[in-house]
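**Student:** Task: produce atomic coordinates for the following.
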Amino acid sequence: MKELIGFIAIIITLLLLLLLAFGLLRVALITLPACTVAISVMLLVLYLFRTHRIYYLNSHGALSRILVVQFDGQKLHWEMEESQIELYAKAKLATFFSIILAIASLWLILSIIYEKGAFDNLTRLSSHANMILGYIISGIGVIVTIIKAKPGETFKDAIWDRGSCLVGQINTQLERIHELRSLETSIKSITHQLKVSFPIDFKTEIQEYVNNHKNELLSDTTGLNNLIAENIKRAQEDRVSLEKANNHYRAAMKLYTIVAIEVNWTCSMPLIKEMEYDYEGLTSENLKSLLSNRKWDDFHDVVKEIMKDLQQLRELAIKYQETGTNGYKKETDEEKAYRIMEIPPSASDEEIKQAYRELALNYHPDNAERTTHGIKKLAEDRFKEINWAYDFLKEIRNLY
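**Tutor:** Down below sits the predicted model:
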């Protein structure tokens with residue numbers, strides 16, 4: 001509006017200078033009030049029309065039909081339906097009425113001025129001719145103003161400004177969306193470790209809400225914030241459950257590794273086949289589907305059963321090694337030390353040291369801090385065996 005007023009002032013000044021050059025300045029000065037009133041009336045009509053349109057946008061939900069809002073997972077992005085804007089921002093009727101009222105006000109004011117005799121003796125022409133010149137001068141001002149005002153474009157800009165303002169307010173009020181995004185990233189990280197196809201898609205749910213409640217959303221974000229809060233609560237519960245499942249699963253896989261070492265040393269095919277069966281259970285898609293379907297209790301029950309079977313299997317393997325079956329003689333301490341260190345008797349001194357460093361790192365009790373008590377106890381026992389075997393080999397081989 002300020003730019004338009006400034007433009008009109010410049011046009012009027014230039015017009016006065018031009019008329020001064022042709023000796024018509026006195027006609028222009030008398031016509032100026034009428035021209036000013038006509039332009040003001042015209043701009044007032046356009047302003048009232050624009051105000052009505054903006055009010056209609058807010059109160060009747062027209063903006064929700066024009067706006068297309070997209071959610072990218074972090075914030076809302078919006079754009080306008082050009083075809084809808086063209087229909088809504090049509091200002092031909094308002095422009096026509098504003099011009100008619102401007103001409104009517106010109107005619108009324110100039111007629112009064114003419115009757116008062118203000119057009120007499122202004123130029124060499126008659127007073128009637130001077131009034132016609134006044135009409136022409138004022139008409140030029142009205143035409144230039146309506147061209148510069150561009151009512152249709154002005155209404156489009158108003159719609160864009162209103163849409164930008166509303167969506168900006170919505171994004172400002174959706175601060176917790178970043179918390180939801182962080183939780184989603186965390187859940188995806190855990191499911192990647194578990195190699196599980198876990199269903200999580202908050203973006204689609206929120207986008208559907210935006211599409212279905214766009215009109216209410218533009219005036220109040222309470223509903224969307226409640227939806228985000230519900231998603232955050234559900235995501236927090238899912239993350240906690242997945243973390244527990246991940247810890248439990250890792251504990252089971254660690255126990256499997258420990259037991260597999262014991263069983264492999266027995267060379268017993270029945271025990272080895274039992275180990276393979278347990279491994280198939282741990283890596284089964286049926287087990288992983290329990291997580292995807294959020295059947296947390298069933299998942300934990302299955303893993304606990306597998307861990308129980310593994311612990312029993314380890315006890316059998318240890319008993320098998322101690323008694324010696326199938327004609328195998330009981331192993332000596334030296335053979336036991338090499339078996340525990342997982343190296344052959346022909347290993348060099350450097351290979352023994354390297355094997356100790358790797359085993360001590362893998363079976364250190366600190367690695368089992370977040371596992372079950374049973375797994376931690378197994379890790380401690382295994383660590384003690386490794387230290388005993390290393391000390392024994394150091395003594396018989398004079399390692400320092």
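
**Student:** Tell me how far residue 297 lies from residue 348.
**Tutor:** With distances defined as C-beta to C-beta, to the nearest Å, the gap from residue 297 to residue 348 amounts to 52 Å. Just so you know, the C-beta spots here come from the backbone N, C-alpha and C atoms, and that holds for glycine as well.

**Student:** Kindly report the same for residue 251.
**Tutor:** From residue 251 across to residue 348, the span is 35 Å (C-beta to C-beta).

**Student:** Have a look at these two and say which one is more surrounded.
**Tutor:** Per other C-beta atoms under 10 Å, whichever of residue 251 and residue 348 has more neighbours is residue 251, with 19 against 10.

**Student:** Okay, that one and residue 379: tell me how far apart.
**Tutor:** Counting by C-beta to C-beta, the separation of residue 251 from residue 379 is 10 Å.

**Student:** And residue 291, by the same measure?
**Tutor:** 25 Å.

**Student:** give me phi/psi at residue 255?
**Tutor:** Here the main-chain torsion angles of residue 255 (degrees, to the nearest 10) amount to phi -60, psi -40.

**Student:** With residue 69 instead?
**Tutor:** Torsion angles, degrees, to the nearest 10, at residue 69: phi -110, psi 130.

**Student:** thinking it is in contact with residue 208, fair?
**Tutor:** No - using C-beta atoms under 8 Å, residue 69 is not in contact with residue 208; the gap is 11.7 Å.

**Student:** Compare these two and say which is more crowded by neighbours.
**Tutor:** residue 69 (19 against 12).

**Student:** Residue 302: neighbour count?
**Tutor:** Residue 302: 18 surrounding residues under other C-beta under 10 Å.

**Student:** check contacts around it.
**Tutor:** By C-beta atoms under 8 Å, 6 or more residues apart in numbering, the residues touching residue 302 are 281, 287, 290.

**Student:** If you rank those residues by neighbours, which is first?
**Tutor:** residue 290 (20 neighbours).

**Student:** surely that one meets residue 299?
**Tutor:** Yes - because the distance of 4.1 Å satisfies C-beta under 8 Å, residue 290 is recorded as touching residue 299.

**Student:** can you tell me which helix or strand residue 390 belongs to?
**Tutor:** Element membership of residue 390 [criterion: DSSP states H and E] is helix 373-397.

**Student:** For residue 277, give its distance to residue 270.
**Tutor:** Distance check for residue 277 against residue 270: by C-beta to C-beta, it reads 11 Å.

**Student:** again with residue 220
**Tutor:** Shown here: residue 220 relative to residue 270, a distance of 69 Å by C-beta to C-beta.

**Student:** Any regions of the stretch 1-150 of the chain where pLDDT drops low?
**Tutor:** For the stretch 1-150 of the chain, applying pLDDT under 70 flags the ranges 1-28, 56-64, 82-91, 119, 122-125.
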